[in-house]
Structure formats: structure tokens, C-alpha cells
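Colleague: Structure of the sequence below:
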Amino acid sequence: MEIVSEEDLATLEFDIMYTDAPIANALRRVLLSEVPTVAIEKVLMYNNTSIVQDEVLVHRLGLVPLDVDARRLEWRKGASSDNKDRDNIEPNSRDTVVFDLKVRCTRNRTAKKDETDKKKLYHDANVYASHLKWVPLDEQKELFQEHEPKPLYGDILVAKMLPGHEIDLRCLCYKGIGRDHAKFSPVATASYRLMPYIKLKEPIYDEEAFKLQGFFANGVIAVEPTKKGRMTARVDNVRADTCNRQVLEDEEMSPKVEISKIRDHFLFTVESVSFFRPDELVVEALDVLCAKCDTLIEFLGN
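Modeller: Numbering: from 1, shown residues only. Next up is the predicted model:
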């Protein structure tokens, strides 16, 4: 494995080489659905006079990504669908994180008479994820002292309100995996593609060089001068190739170019929407994959 780029704390590009497609796809599937995260699972609705229906509001809250370290929590007992106690919603500090959302929209008495912007006319006209306030249970203040639970992105719009509207509810957040529900998936994107292979079978000069360059995405083919004053084409960045095959339809250029893919070289892109940075997510996914392999080896040994 080789890290290519880490543009920010949310996106990572890396290569996996000299392996088979089933291994790469297994890693992708584990990233999507097997790495545990924390999400809002149950909502205790005390009051909702906004125009957003209760069930729609709860669904929107469930999809808000949370910045909570799932490793600090235990798996909730009785959470499986075949357990009689699955509807027990009594919060437990060992397996539950609680957020309260209590917002009331009021008029801004200091707003100008000709003001039309609702954000200036009213207080809390827009309800954002940042309105969710963490409620520590028992020893959780010490448990999460290094990183307090909060929504990952505070500017996610949850609802809009007018004066007199009020939302008052409590969210119970549990540990889960994307295989059970997409809201537990820690990634927005986890994908891979094969490394493109482009080879020029013979030197290509001048007008033909620029013609060849036009068949590919920007940056794939570079045209540069030679010592003899001619312009020649060369393959510069195969990563930028978008797998356009127009060049093969050209009778003059197709015999001069070979295009294929390297079957054991995978270009991965991972975008995290969870507590974990993308590089940490890959490590967590590999741990899950190794645990699955150990289980299989143990099963075969018996």
C-alpha cells in the first residue's frame, strides 16, 4: 500500500498493488458496512410544532454524522431485531450517547421594519445540527474528556421554523455498522479503479502530437520540444486518464497507441464522514478484515 495524497482530514487517496480484485473489493465492502460508528437510533419527541412531521424530522436527525469515538462504547444489549428487549430505551452510559435538541423560534425585536431576511427577522429560524447538545451520562465526562461528542458538521440544516414554532426532543445514539443501516456507514465514498496503462508504440510529432493530446483528459499526454526543434508527445500522468477510448476509433492514431489497465494495481479513494480520519478508517477496516480471516481459519481448522 502507498499513500498518494491526503488533501484534507476527510479524503485520502492510496494505492494497493500486487494483489487480486477480491481482496481490494473486500476492503471496499468492509469500509462501507463493517466499521462501527455511532448514530442517532431513537428519538424521544417531547414537542414539535414545526412544519416538519415527526417521522421526517427523526429521519433527518438519524442521518446527521456524529463525531463520536465508537471504540469508547459497548455494543447495545437487546439491540438485535430478535430480542424482546430491543425497544428498551433507557439510556445506559456504557452503550448510549445522548443529545438534546431544544429550540424555539422568536421574533427579533431589533430587526428593521423593511427587513425581509428571515435569519435577521427571527431568532433560530433555522435549526442546525449544531443545536444538538451533548448530555453526559454518569462517567461519560471522563470517558470522552479528550474528545467530546458532537455533530461532525454543525451547519447541517435540520428544520426551518417561524415564530412560535418549537422543537424539544432527546436523541439516543448507539453503536452500529453500515450493514444494518446506511446511517452507520463511516464513509461517503469508498471506491477503487484499476491503474490505467498507456503506451506510445512509436514517436509522435508535431500536429499528430497535439491531436493525440486532445483525445485524453488534461495532463495525461504532454507535448514538449525536442532538441531538433520538433514537438513530441509523451505519457505524463496516467492517473488523470478517464478511460476515454476515442483514440482507438481514429484510424491514424489507433495503431500508434496501446491502452489497457494494470490488473493488480488499484487506486483507492476514501472520504470519511465519521469520527475517524480516512487513514484511521483504512486501518480499522483492515483489522475487521483480519478478524474475519481468523474466524474462517478457525472454522476450517475445526
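Colleague: low pLDDT regions in the stretch 101-250 of the chain?
Modeller: Regions of the stretch 101-250 of the chain meeting the criterion pLDDT under 70 are absent.
Colleague: Where do the helices of the stretch 151-300 of the chain begin and end?
Modeller: In the stretch 151-300 of the chain, the helices defined using DSSP state H, counting those that start in this stretch lie at 206-215, 278-301.
Colleague: Give me the buried positions along the last one.
Modeller: Read it as helix 278-301. 278, 281-282, 284-285, 288-289 (16 or more other C-beta atoms under 10 Å). Backbone N, C-alpha and C define where each C-beta goes, glycine included.
Colleague: Please state the offset of it from the chain centre?
Modeller: 21 Å (C-alpha atoms, centre = their mean, to the nearest Å).
Colleague: hey, C-alpha coordinates of it in PDB?
Modeller: Extracted in PDB, the C-alpha atoms of helix 278-301 (Å, rounded to 0.1, in the frame of the first residue of the first chain):
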ATOM      1  CA  PRO A 278      -9.700   8.300   6.400                       C
ATOM      2  CA  ASP A 279      -6.300   6.800   7.200                       C
ATOM      3  CA  GLU A 280      -7.600   5.500  10.500                       C
ATOM      4  CA  LEU A 281     -10.600   4.100   8.800                       C
ATOM      5  CA  VAL A 282      -8.500   2.000   6.400                       C
ATOM      6  CA  VAL A 283      -6.600   0.600   9.500                       C
ATOM      7  CA  GLU A 284      -9.900  -0.200  11.200                       C
ATOM      8  CA  ALA A 285     -11.200  -1.900   8.100                       C
ATOM      9  CA  LEU A 286      -8.000  -4.000   7.800                       C
ATOM     10  CA  ASP A 287      -8.400  -5.000  11.400                       C
ATOM     11  CA  VAL A 288     -12.000  -6.100  10.700                       C
ATOM     12  CA  LEU A 289     -10.900  -8.000   7.600                       C
ATOM     13  CA  CYS A 290      -8.100  -9.800   9.500                       C
ATOM     14  CA  ALA A 291     -10.600 -10.800  12.200                       C
ATOM     15  CA  LYS A 292     -12.800 -12.300   9.500                       C
ATOM     16  CA  CYS A 293      -9.900 -14.200   8.200                       C
ATOM     17  CA  ASP A 294      -9.000 -15.500  11.700                       C
ATOM     18  CA  THR A 295     -12.600 -16.700  12.100                       C
ATOM     19  CA  LEU A 296     -12.500 -18.500   8.800                       C
ATOM     20  CA  ILE A 297      -9.200 -20.200   9.600                       C
ATOM     21  CA  GLU A 298     -10.500 -21.300  13.000                       C
ATOM     22  CA  PHE A 299     -13.700 -22.600  11.400                       C
ATOM     23  CA  LEU A 300     -11.700 -24.600   8.800                       C
ATOM     24  CA  GLY A 301      -9.400 -25.900  11.500                       C
END
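Colleague: Report the rounded mean pLDDT for that helix.
Modeller: Helix 278-301 shows a mean pLDDT of 92.
Colleague: Does anything pack onto that helix? Which helices or strands?
Modeller: In terms of contacts (3 or more C-beta pairs under 8 Å, 6 or more residues apart in numbering; DSSP states H and E), helix 278-301 is packed against strand 11-17, helix 21-33, strand 257-272.
Colleague: Can you lay out the ones you listed as TSV showing mean neighbour count?
Modeller: Output for these, formatted as TSV (neighbours: other C-beta atoms under 10 Å):
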stretch	mean neighbour count
strand 11-17	17
helix 21-33	17
strand 257-272	18
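Colleague: May I see those arranged in a markdown table, with distance to residue 173 and mean pLDDT as well?
Modeller: A markdown table is the format used below for these (distance: least, C-beta to C-beta, whole Å; pLDDT from 0 to 100):
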| stretch | distance to residue 173 | mean pLDDT |
| --- | --- | --- |
| strand 11-17 | 25 | 93 |
| helix 21-33 | 19 | 95 |
| strand 257-272 | 18 | 94 |
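Colleague: check contacts around residue 236.
Modeller: Residues near residue 236 by C-beta atoms under 8 Å, 6 or more residues apart in numbering: 219-222.
Colleague: which residues of the stretch 51-200 of the chain fall in strands?
Modeller: 66-67, 97-104, 106-107, 122-123, 126-128, 133-135, 150-151, 157-160, 166-176, 187-200 (DSSP state E, counting those that start in this stretch).
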